[in-house]
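# Quick one, structure for this:
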Amino acid sequence: MNRENKRIKYQKNYYKTHACNDVFVCKVCNRQVVPEGAGSSHRNHCPNCLSSLHVDIEPGDRASDCGGIMEPVAVWVRKNGEWAIIHRCRRCGKLSSNRVAADDNPMKLMSIAMKPLCEPPFPLERIEEMTALMGGDGSIK
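Numbering: from 1, shown residues only. The predicted model follows:
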């Protein structure tokens, strides 16, 4: 690639309008990540561990200087039924949302989705007692 083409490729907002065909090694699980199989032309996280890097301020602009690891902390369902991953930067705490890719690890996605149910903010042993305090009869039927 000559110098002029390289300069054009990395201009601000280049990745907003162009496919990202870069192969990279995940900083968390050390697996090689290829763009094929994502079902999209914008691969932005590892399909194995679902981690990413904090490189954007706005999607595709590559303007962030942080460079921290974006860890998957939650999933949510968009209006059209499509799942998306919520990432949080370990370094600065920024939250972002990324579409689930076609080849993402389904077990990892489900474990993230189930985490709030598996780790509630109250002790499960006291659920009957807490239900009774809220006006219920406290029994689980």
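
# can you pull out the helices in the chain?
3-9, 14-17, 106-118, 127-133 (DSSP state H).

# Check the spacing between the closest residue to Ala63 other than its chain neighbours and Ser96 real quick.
Distances taken as Cβ to Cβ, 6 or more residues apart in numbering place Ile57 nearest to Ala63, at 4.6 Å, with adjacent residues excluded. C-beta here means a position set from N, CA and C on the backbone, and glycine is covered the same way. From Ile57 across to Ser96, the span is 10 Å (Cβ to Cβ, to the nearest Å).

# Next: Gly81.
Gly81 is 21 Å from Ser96, by Cβ to Cβ.

# So for these two, which residue has more residues nearby?
With neighbours defined as other Cβ atoms under 10 Å, Gly81 and Ser96 compare such that Ser96 has more, 18 against 6.

# Glu71 is in contact with that one, correct?
No - with contact defined as Cβ atoms under 8 Å, Ser96 does not reach Glu71; the gap is 11.2 Å.

# what do these two both touch?
Shared contacts of Ser96 and Glu71 (Cβ atoms under 8 Å, 6 or more residues apart in numbering): His87.

# top strand in this structure by residue count?
strand 69-77 (DSSP state E).

# Please compute how far that one lies from its chain's middle.
Counting by Cα atoms, centre = their mean, to the nearest Å, strand 69-77 is centred 4 Å from the centre of its parent chain.

# likewise stretch 108-118?
Worked out by Cα atoms, centre = their mean, stretch 108-118 lies 13 Å from the chain centre.

# Which positions in that stretch come out as buried?
108-109, 112 (16 or more other Cβ atoms under 10 Å).

# just curious, which of these is nearest to Phe122?
Ile112 (20.7 Å; Cβ to Cβ).

# So what sits opposite the closest residue to Ala84 other than its chain neighbours in the bridge?
Excluding its sequence neighbours, the residue lying closest to Ala84 (Cβ to Cβ, 6+ apart) is Ser97, at 4.8 Å. Beta-bridge pairing for Ser97 (DSSP bridges): Ile86.
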